[in-house]
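Q: Provide a 3D model corresponding to the input given below.
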Amino acid sequence: MGLLDKIDTKKTTDTIKPGTPVQNADEFSALRSKVHMEVVEAMNKREDRQGKDMSESDTRALIDSILGQNNESLPRSDRGRIADEIYDQIRGLGPLEKLMYDAGTTEIMVNGPKNVYIERKGKIVRTDVTFDDDNQLLNVIDRIVSPLGRHIDEANPMVDARLPDGSRVNAVIPPLSLKGPLLTIRKFSKVPLTINDLIGYGSLTYKMAAFLEACVKGRLNIVISGGTGSGKTTLLNILSGYIPHDERIITIEDAAELQLRQEHVLTLESRPANLEGKGQIAIRDLVRNALRMRPDRIVVGEVRGGEALDMLQAMNTGHDGSMTTGHANSSRDMLARMETMVLMAGMNLPLAAIRQQIAGAIDLIVQQSRMRDGTRKVTGISEILGMEGDVITTQDIFVYEHPKIGESTGHFVNTGIKPRCTEKMSDNGVGVRDEWFS
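A: Got it, this is the predicted structure:
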């Protein structure tokens, strides 16, 4: 139970008397609220007396018992619905539970208690799901963050967290939010997508997929760039699956999302500061520490700041085959952002030295984009060639051409250029087929 559950028990109501038939939605809601408060009050007394949380079966039995005491004439279907809603409110995510179980929903966006949106097939749509009030929504947020040792209140009105299944959670509450508590949940896929799924969805072609698989096995350093919600982490998870099983892999993330199937995988997760503002462990700290853990490969969920410098140094000092993601609208933008992030490390390096580091470390940039129709596509695979003067030079290997006037869909194009990095891949024992680039 969340902290607000115990607070809400003081707000008891007697709008529905035991045995009164439920006639309309308002009475249905009143009965549910009354039973919910009686259940929470009974649970608080029992848990305080026994010193431990009630089990799932005991909680459901208590709900059924109190529900029967309040309205024995309630039809079985309505009784089951009320019982499920009360259980979800006490132990789950309340009105959001049914959205969490919906396999077609990829993201849940709560804009205050009365406005809940979801993303389905890349499109954002409004749902009929609502919360009773701000307190019910705050209670759900509190239930998410409390088990992780995190806290949200007016002094700390923003929090990042994750659900037990790995789904990413962000919450913002007043006074920062002017529309009530805001909650965003990016759902974690229970069945990870495969490269064949992406080919079937039209996200890339077979030749592109085969080339990327060879790049991972050939120990190229890869950066996946794209906008928010473009599918960067999904693609990173798929490509990481090609790392050989006899290598030692260290993954570093803000919220653990990667689902690597290899045996020798070490997962590190950053930690925010506590209530006193101390104890923060940032991604950069974890990257530096990972270098002391004898990794064969380092996979960073996303670089956002000074950790980019440490990641580049790792790629330049024997940790070939490392991968990460970053926010950018194109491969050239990703290079510019990488420069900015290195400067955020506070080392005051000259731009020429930073660009030399980038050109020497990164072999490949894979650009991922979300299209207007909601689909996600790999819109470019570019190779880093090196430096010409003060400019990092690149060449496109595969590109996605957007539909022209009169065309319904775009198409993928091989530029016909055989990348220079195939030599490095061959040195690492990975064969490359010329027909991939023809």
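Q: Show me this structure divided up by domain.
A: Recorded structural domains for the chain (assignment: automatic domain parsing) are 3-91, 96-186, 195-436.
Q: Lowest average confidence across those, which one?
A: Out of the domains of the chain, the stretch the model trusts least by mean pLDDT is domain 3-91, with a mean of 63.
Q: what about residue 147, distance to residue 86?
A: 20 Å (C-beta to C-beta, to the nearest Å). All C-beta spots, glycine's among them, are computed from the backbone N, C-alpha and C.
Q: I should have written residue 145 there, sorry.
A: From residue 145 over to residue 86 the distance is 22 Å, taken as C-beta to C-beta.
Q: do residue 175 as well
A: 31 Å.
Q: Between the two, tell me which one has more neighbours.
A: residue 86 (26 against 7; other C-beta atoms under 10 Å).
Q: Now name the helix or strand holding the nearest residue to residue 145 once chain neighbours are set aside.
A: By the measure of C-beta to C-beta, 6 or more residues apart in numbering, the closest residue to residue 145 outside its immediate chain neighbours is residue 161, 4.8 Å from it. Element membership of residue 161 [criterion: DSSP states H and E] is strand 158-162.
Q: what about dumping the CA coordinates of that strand to PDB?
A: These are the backbone C-alpha positions of strand 158-162, laid out as PDB (Å, rounded to 0.1, in the frame of the first residue of the first chain):
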ATOM      1  CA  MET A 158      10.100  15.200 -10.200                       C
ATOM      2  CA  VAL A 159      11.200  11.600 -10.200                       C
ATOM      3  CA  ASP A 160      12.400   8.900 -12.600                       C
ATOM      4  CA  ALA A 161      11.700   5.300 -11.700                       C
ATOM      5  CA  ARG A 162      10.800   1.900 -13.200                       C
END
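Q: Give me every residue in contact with it, excluding its own residues.
A: Contacting residues not belonging to strand 158-162 are listed as 141, 144-145, 148, 150-152, 168-172, 176, 188, 254-257, 272 [C-beta atoms under 8 Å, 6 or more residues apart in numbering].
Q: at 10 Å what do you get?
A: Outside of strand 158-162, the residues that reach it under the criterion C-beta atoms under 10 Å, 6 or more residues apart in numbering are 141-142, 144-153, 167-173, 176-177, 182, 184-186, 188, 253-257, 269-270, 272.
Q: what are the pairing partners of that strand, and which direction each?
A: Within its sheet, strand 158-162 is paired with strand 168-172 (antiparallel), according to DSSP bridges.
Q: and the next element down the chain from the partner strand?
A: Taking DSSP H and E as the definition, the helix or strand that follows strand 168-172 towards the C-terminus is strand 182-186.
Q: Who does that next one pair with, and is each partner parallel or antiparallel?
A: With DSSP bridges as the test, strand 182-186 is paired with strand 105-111 (antiparallel), strand 168-172 (antiparallel).
Q: Let me know which of those strands is the nearest to residue 208.
A: Of all the strands paired with strand 182-186, it is strand 105-111 that lies closest to residue 208, at 22.9 Å by C-beta to C-beta.
Q: CA atoms only for the closest one - export them in CSV, please.
A: Coordinates of each C-alpha in strand 105-111 appear next as CSV, following Å, rounded to 0.1, in the frame of the first residue of the first chain:
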residue,chain,number,x,y,z
THR,A,105,-0.2,0.0,-25.7
THR,A,106,3.4,1.1,-25.8
GLU,A,107,3.2,4.3,-23.8
ILE,A,108,0.8,5.7,-21.2
MET,A,109,0.6,9.4,-20.6
VAL,A,110,-1.4,10.8,-17.7
ASN,A,111,-2.1,14.5,-17.9
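Q: downstream neighbour of that strand in the secondary structure list?
A: Towards the C-terminus, the helix or strand next in line after strand 105-111, according to DSSP H and E, is strand 116-120.
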